[in-house]
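In: just need the structure, nothing else, for what follows:
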Amino acid sequence: QVQLVESGGGLVQPGGSLTLSCLASGLTFNHYAMGWFRQAPGKRRQFVMAIDPEGYSAGTADSVKGRFTISRDNAKNTVYLQMNRLKPEDTAVYFCAAASHTSGPNMPTSDVNYWGKGTQVTVSS
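Out: This is a model prediction of the structure:
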């Protein structure tokens, strides 16, 4: 049974930082591109960042360029999302995703094979 378990969410002040982690099990981790998505209340789930199985390339949403970084450790079956200079508009539930094949660097949701259950990130003073 495949599981993606996110952790690291919480409440942070504007301008602060958080690092999210996603631990994968039940799949051959280094065969999957991994991605992060987010969904704010009343809005559609949107792509944030993705990384290919080897960790050499990534897609990035314009809204987080220069502030967020994605990385993976294939030995630990874990993908990370380092979030810096957080803004209130970054407030959302953040989801981890795994895709065996992607049609582009910005992992379309139709390519996702597995989803995590999400972790809440709230940016507020």
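In: let's check: the centremost residue of this structure is which one?
Out: With distances taken as C-alpha atoms, centre = their mean, the residue of the chain nearest its centroid is residue 36 (2.0 Å).
In: so how far is residue 87 from the residue nearest to that residue when sequence neighbours are not counted?
Out: Residue nearest to residue 36 in three dimensions, not counting chain neighbours: residue 48, with 4.3 Å by C-beta to C-beta, 6 or more residues apart in numbering. To be clear about C-beta, it is placed using only N, CA and C from the backbone, and glycine gets the same treatment. When distance is defined by C-beta to C-beta, to the nearest Å, residue 48 is 13 Å away from residue 87.
In: so those two - more neighbours on which side?
Out: More crowded of residue 48 and residue 87, by other C-beta atoms under 10 Å: residue 48, with 26 against 13.
In: what's in contact with the helix or strand where that one lies?
Out: Secondary structure from DSSP states H and E places residue 48 in strand 46-51. Applying C-beta atoms under 8 Å, 6 or more residues apart in numbering, the contact partners of strand 46-51 are 33-39, 57-61, 64, 68-72, 79, 81, 94, 99, 102, 105-109.
In: could you look up the SS state of residue 82?
Out: For residue 82, the assignment made with DSSP: H, G, I helix; E, B strand; the rest coil gives strand.
In: ok, how many other residues are close to it?
Out: Neighbour tally, residue 82, other C-beta under 10 Å: 15.
In: likewise for the one 10 residues further on?
Out: By other C-beta under 10 Å, 22 other residues sit near residue 92.
In: my guess is it contacts residue 44, does it?
Out: No. At 11.0 Å, residue 92 does not count as touching residue 44 under the criterion of C-beta atoms under 8 Å.
In: what residues does stretch 73-83 touch?
Out: For stretch 73-83, the external contacting residues (C-beta under 8 Å, 6+ apart) are 17-25, 29-30, 34, 36, 48-49, 51, 53, 55, 64, 67-72, 90, 94, 96, 121.
In: list the contacts for the residue nearest to residue 26 when sequence neighbours are not counted?
Out: Ranked by C-beta to C-beta, 6+ apart and with sequence neighbours excluded, the top spatial neighbour of residue 26 is residue 2, at 4.0 Å. When contacts are counted by C-beta under 8 Å, 6+ apart, residue 2 touches 24-27, 98, 113-114.
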